[in-house]
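Novice: Here is a sequence together with a model predicted from it:
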Amino acid sequence: MRTPMMAGNWKMNKTIAEAVELARSIRAQVEGFSSVERVLCPAFVCLPAVAEALQGSTIALGAQNMHWADSGAYTGEVSGPMLQGLVSHVIIGHSERRQYFAETDETVNQKIHAALRHGLTPIVCVGESLAQNEAGETHEFVGGQVRAALAGLEAEQVQRIIIAYEPIWAIGTGKAATAEQAQAICGGTVRATLAELYGDPVAQQVRVLYGGSTNQNNIREIMEQPDIDGALIGGASLQADNYSNMVRIT
Ligand code: PEP
């Protein structure tokens, strides 16, 4: 059985004080919901304070990015050893990082290797643009992203990864994919590619999330889909009530 996950990506939002307040408010509402894995991903500078606010909690903490090298001359970057002990999860290859910070399939793959090396659970993002979607290229493109992300990984490592299918056209737009569209790619592309590469038993163990304009109003239908194991949530995760209701509904 795959444990469902609701992961909140707070992006570049919230000061340290605001992040602590949000974490406390979420904790108060969903602490007891341990059948759903809850992960909060604040900005780097907020991590120590939010970690303190979550101390003793069953809610996990994640980073939004990491570098592939352990240390070195990479101004402004944060490495696996720096995150180890502070977070359990790390988002890798979010489309905003691919779009604005020139991340490629190759660097995403290197970051996944680094995360696993340091005992962090990568939440790996894949997803097509609107133009690719309209051109009917989604299956091929997303399948290619999955293959590239997993290059060089053993089955045992892949089982520790979470993949988030996030169509770029659905992120922050209020236009979520339909539950059927999301299922088609999460199952027919992401899990099917995993099965091709590692066999069905491994593919059945990997959690596949959907991300893109999810909220308390549409999460039920999305979670009813057989190949969707949770959501990576942007905007709605900044609202304690909205996020907590999503956990409750799941
Ligand atoms: C995201 O950025 O990962 C995301 C899914 O954002 P939103 O929920 O706001 O569309």
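Specialist: In hand now; what should we look at?
Novice: Check what pLDDT whatever residue of the chain ends up closest to the ligand gets.
Specialist: At 2.2 Å from the ligand, residue 234 is the closest residue in the chain, using CB to the nearest ligand atom. Backbone N, C-alpha and C define where each C-beta goes, glycine included. Residue 234 carries a pLDDT score of 98 in this model.
Novice: Contact partners for the closest residue in space to it that isn't next to it in sequence?
Specialist: Closest residue to residue 234 in three dimensions, ignoring its sequence neighbours and counting by CB to CB, 6 or more residues apart in numbering: residue 9, at 5.3 Å. Neighbour list for residue 9: 41, 64, 91, 94, 211, 232-234, 237 [criterion: CB atoms under 8 Å, 6 or more residues apart in numbering].
Novice: same thing but 10 Å
Specialist: Applying CB atoms under 10 Å, 6 or more residues apart in numbering, we find residue 9 in contact with 39-42, 62, 64, 91, 94, 96, 123, 125, 164, 166, 171, 211, 232-235, 237-238.
Novice: One more: residue 120?
Specialist: 62-63, 66, 80, 83-84, 86-90, 92, 111-112, 114, 160.
Novice: what does residue 38 give?
Specialist: Contacts of residue 38 (CB under 10 Å, 6+ apart): 4-8, 26-27, 30-31, 54, 57-60, 230, 243-244, 246-247, 250.
Novice: rerun that using 8 Å as the cut-off
Specialist: For residue 38, the residues meeting the contact criterion (CB under 8 Å, 6+ apart) are 5-8, 26, 30, 58-60, 247.
Novice: And for residue 77?
Specialist: So residue 77 contacts residue 67 (CB under 8 Å, 6+ apart).
Novice: Now do the SS call for it.
Specialist: coil (DSSP: H, G, I helix; E, B strand; the rest coil).
Novice: Determine the longest helix present in the chain.
Specialist: The single longest helix within the chain, with elements called by DSSP state H, is helix 16-30.
Novice: what angle separates the next helix or strand after it from helix 16-30?
Specialist: Sequence order places strand 37-41 as the next helix or strand after helix 16-30, per DSSP states H and E. Counting by axes from the mean of the first three to the mean of the last three CA atoms, to 10 degrees, strand 37-41 lies at 170 degrees to helix 16-30.
Novice: helices and strands around the helix or strand just after strand 37-41, which ones?
Specialist: Next in sequence after strand 37-41, counting helices and strands by DSSP H and E, comes helix 47-53. For helix 47-53, the packing partners by 3 or more CB pairs under 8 Å, 6 or more residues apart in numbering; DSSP states H and E come out as helix 16-30, strand 60-63.
Novice: got the CA positions of helix 47-53 in PDB?
Specialist: C-alpha atoms of helix 47-53 as PDB (Å, rounded to 0.1, in the frame of the first residue of the first chain):
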ATOM      1  CA  LEU A  47      13.800  25.800   7.800                       C
ATOM      2  CA  PRO A  48      15.400  25.900  11.200                       C
ATOM      3  CA  ALA A  49      12.600  27.900  12.800                       C
ATOM      4  CA  VAL A  50       9.900  25.800  11.200                       C
ATOM      5  CA  ALA A  51      11.800  22.600  12.300                       C
ATOM      6  CA  GLU A  52      11.600  23.900  15.800                       C
ATOM      7  CA  ALA A  53       7.900  24.600  15.500                       C
END
